[in-house]
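> this is a predicted model, with the sequence first.
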Amino acid sequence: MNKSTKQAKQIRLKRGEVIQLPIRRIGINGEGIGHYQKQVVFVEGAVPGEIVVARVVQVEPKFAKAQLLKVKKKSAYRVEPPCPVYRECGGCQLQHIDRRMQKRLKRELVAESFARYAGLRDVPIGETVTMDEPWSYRNKAQFPLRRVGGQVSMGMFSAASHQLVDASACMVQHPKLNEALYKAKRLVEELGVDIYDERKHRGTLRHLVGRIAFATEEIQLVLVTRTKSFPEEEAFVREVTRRLPQVKSVVLNYNPDKTSLVFGEESRLLWGNEKLIERLGELTFALSARAFFQLNPVQTVRLYDAVKRAARLTGTETVIDAYCGAGTIGLWLASGAKRVIGMDTVPEAVADAKENAKLNGIAHAEYYVGAAETLLPKWIKEGLRPDVIVVDPPRTGLGQPLLQALMRTKVPRLVYVSCNPATLAKDCAQLLKSGYRVAGIEPFDMFPQTAHVEAVCELVQT
């Protein structure tokens with residue numbers, strides 16, 4: 001039997017077929033997962049514990065996707081989503097599930113990832129750290145714009161499409177940020193600013209991006225444009241300063257490429273402060289437009305405290321802060337370390353990290369431009385022997401050069417901050433081969449109402 005015949009026998013479902021199945025667990029994107037005649041089926045909007053009727057809409061070699069038609073047996077944890085555009089927006093995936101179940105499901109996502117990708121079924125995982133108030137927690141929004149007739153539309157793309165859904169009253173964004181972005185959009189409309197056409201790759205203004213400092217409620221506004229300037233710049237800034245007193249910084253980011261990425265490489269200050277000032281705990285951070293900063297300040301303090309616990313510093317250690325962004329994690333740990341070294345690929349972020357070290361009177365932290373995958377192996381080859389390495393990579397996980405360097409060097413303690421339990425588990429599976437042991441994992445609900453789960457994983461050499 002050839003490979004194609006085997007694959008054909010794996011999935012017997014047909015597109016358009018209506019099936020009934022029980023939902024056993026949740027997927028990484030928030031879908032309910034069940035089995036029909038031993039076939040894995042993903043059903044968006046279904047809740048574990050339910051029996052549902054669904055129509056098959058996609059058939060792949062190892063799984064199928066189905067559209068929820070009817071809930072035959074309803075979960076006690078199913079609730080009515082409070083957001084009026086929840087089903088169209090796609091920004092949140094779990095508003096229809098009670099908070100208690102969300103907490104449990106996020107821990108299960110981490111546990112299932114380690115069982116599946118690392119072969120670990122008894123890994124020590126704590127309870128998910130949740131928020132008392134799981135709304136209005138996001139400090140940053142980046143909304144694409146479209147011109148529809150004489151009006152400008154702004155919002156979020158609907159799931160798996162480029163249909164724009166109005167998200168001007170997004171319930172997980174800080175309300176004052178929502179208000180500022182909506183007024184900025186109205187101003188763009190009034191001034192007749194040329195709006196980018198994605199299909200034709202023409203026009204000027206692509207995105208409106210806003211970030212708010214929770215400590216001061218001051219706002220940084222970024223206009224992402226296809227061109228290096230636009231005729232209405234002066235008028236826009238003049239009206240922003242008159243109508244939006246909470247906006248303290250207006251930046252233009254130039255992104256000329258035909259891409260789904262929001263930001264380009266070049267930014268220019270149009271008015272006000274070049275950087276937004278935010279505070280976490282006792283530390284102050286200056287943030288440029290492109291610098292990475294955690295989106296949920298309340299949970300970030302708890303997350304970084306967990307990193308500090310996992311690092312177990314005594315004051316004598318050299319700490320590497322890989323993927324350092326604006327230096328937040330390394331500076332959070334600096335009081336307990338002898339030396340902190342960080343790196344990031346975004347030059348503005350490294351400049352922010354250096355400035356933040358100075359702002360907080362931390363002289364033993366140093367920062368460099370470059371990829372952790374490149375710099376860390378180079379430094380280790382040159383003789384650097386870090387005691388603790390903290391990694392906070394993108395969803396794709398650690399690059400192979402960095403993984404190989406960590407496996408060769410065998411750093412005594414590795415703290416892995418992850419936003420994707422699947423890549424965390426896959427990377428840990430490799431690290432375990434070189435003598436690392438998972439000492440503990442703490443899940444964090446950084447983004448309530450969504451399927452995302454963050455985790456702090458402590459690895460030690462055995």
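In hand now; what should we look at? Nothing here was measured: the structure is a model prediction, and the numbers come from that model.
> residue ranges for the helices of this protein, please.
Assigned by DSSP state H, the chain shows helices spanning 3-10, 86-89, 99-117, 175-191, 233-243, 297-311, 328-333, 347-359, 372-381, 400-409, 421-431.
> for the chain, which spans come out with low pLDDT?
1-11, 160-161 (pLDDT under 70).
> nearest to Phe444, of the helices of the chain?
Phe444 sits nearest to helix 297-311 of all the helices of the chain, at 5.3 Å, using CB to CB. C-beta here means a position set from N, CA and C on the backbone, and glycine is covered the same way.
> break down the stretch 251-400 of the chain into its strands, ranges please.
Along the stretch 251-400 of the chain, counting by DSSP state E, counting those that start in this stretch, strands occupy 266-272, 276-280, 283-287, 318-322, 339-344, 365-369, 388-391.
> between those, which one is closest to Tyr436.
Nearest of the strands of the stretch 251-400 of the chain to Tyr436, taken as CB to CB: strand 388-391 at 11.2 Å.
> ok, the closest one: who's next to it in the sheet?
Note on strand 388-391: by DSSP bridges, its sheet partners are strand 318-322 (parallel), strand 413-418 (parallel).
> any idea how far that strand is from the middle of the chain?
Put simply, strand 388-391 sits 19 Å off its chain's centre (CA atoms, centre = their mean, to the nearest Å).
> mind saving the C-alpha coords of it as CSV?
Taking Å, rounded to 0.1, in the frame of the first residue of the first chain, the C-alpha atoms of strand 388-391 are listed here in CSV:
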residue,chain,number,x,y,z
VAL,A,388,21.2,31.7,34.1
ILE,A,389,19.7,32.2,30.7
VAL,A,390,16.2,33.6,30.3
VAL,A,391,14.6,33.2,26.8
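> contact partners of that strand?
Residues from elsewhere that reach strand 388-391 (CB atoms under 8 Å, 6 or more residues apart in numbering): 307, 311-313, 317-323, 329-330, 333, 337, 372, 376, 398, 402, 406, 411-417.
> what of stretch 311-319?
Outside of stretch 311-319, the residues within contact range by CB under 8 Å, 6+ apart are 330, 333, 336-341, 384-390, 413, 415.
> what sits against the residue nearest to Asp257 when sequence neighbours are not counted?
Nearest residue to Asp257 in three dimensions, chain neighbours excluded: Gly264, at 6.9 Å (CB to CB, 6 or more residues apart in numbering). Gly264 sits next to Val224, Asn253, Tyr254, Asn255, Pro256, Asp257 when contact means CB under 8 Å, 6+ apart.
> in JSON lines: those, plus neighbour count.
Formatted as JSON lines, the contacts of Gly264 follow (neighbours: other CB atoms under 10 Å):
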{"residue": "Val224", "neighbour count": "25"}
{"residue": "Asn253", "neighbour count": "20"}
{"residue": "Tyr254", "neighbour count": "18"}
{"residue": "Asn255", "neighbour count": "20"}
{"residue": "Pro256", "neighbour count": "14"}
{"residue": "Asp257", "neighbour count": "11"}
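> show me what the nearest residue to Leu303 once chain neighbours are set aside is bridged to.
Excluding the flanking residues, the one nearest Leu303 by CB to CB, 6+ apart is Phe444, at 5.3 Å. Beta-bridge pairing for Phe444 (DSSP bridges): Val129, Glu454.
> how near is Phe444 to Ala286?
25 Å (CB to CB, to the nearest Å).
> likewise Asp387?
Taken as CB to CB, the span from Asp387 to Ala286 is 28 Å.
> and if you look at Arg15?
Between Arg15 and Ala286 the computed distance is 53 Å (CB to CB).
> name the residue in these two with the higher neighbour count.
Ranked by neighbour count (other CB atoms under 10 Å), Arg15 and Ala286 place Ala286 first, with 20 against 12.
> and the residue nearest to that one when sequence neighbours are not counted, what is it in contact with?
Spatial nearest neighbour of Ala286, excluding adjacent residues (CB to CB, 6+ apart): Lys275 at 4.2 Å. Neighbour list for Lys275: Gln220, Ser249, Ala286, Leu287, Ser288, Asp352, Glu355 [criterion: CB under 8 Å, 6+ apart].
> one more time with 6 Å
Lys275 is in contact with Ala286, Leu287, Ser288, counting by CB atoms under 6 Å, 6 or more residues apart in numbering.
> between the residues you listed, which is closest to Gly210?
Lowest distance from Gly210 to those (CB to CB) belongs to Leu287, with 12.4 Å.
> measure that closest one to Ala405 for me?
29 Å.
> for those two, work out which one has more neighbours and name it.
More crowded of Leu287 and Ala405, by other CB under 10 Å: Leu287, with 27 against 23.
> does that one touch Arg279 like I think?
No: using CB atoms under 6 Å, Leu287 is not in contact with Arg279; the gap is 11.2 Å.
> tell me which of the strands paired with strand 388-391 lies nearest to Phe63.
In terms of CB to CB, the element of those nearest to Phe63 is strand 413-418, at 23.9 Å.
> buried stuff in the closest one?
The neighbour-count check on strand 413-418 (16 or more other CB atoms under 10 Å) flags Arg413, Leu414, Val415, Tyr416, Val417, Ser418 as buried.
> which residues touch Gly90?
Counted by CB under 6 Å, 6+ apart, Gly90 has contacts Ser158, Ala159.
> next, count neighbours for Asp98.
15.
> where's the closest residue to it other than its chain neighbours relative to Ala46, distance?
Once flanking residues are discounted, Asp98 sits nearest to Tyr77: 4.2 Å by CB to CB, 6+ apart. Look at Tyr77 and Ala46: by CB to CB, they are 12 Å apart.
> neighbour-wise, which of the two wins?
Ala46 (27 against 18).
> these two touch, right, the more buried one and Val52?
Yes: the criterion here is CB under 6 Å, and Ala46 meets it with Val52 at 4.9 Å.
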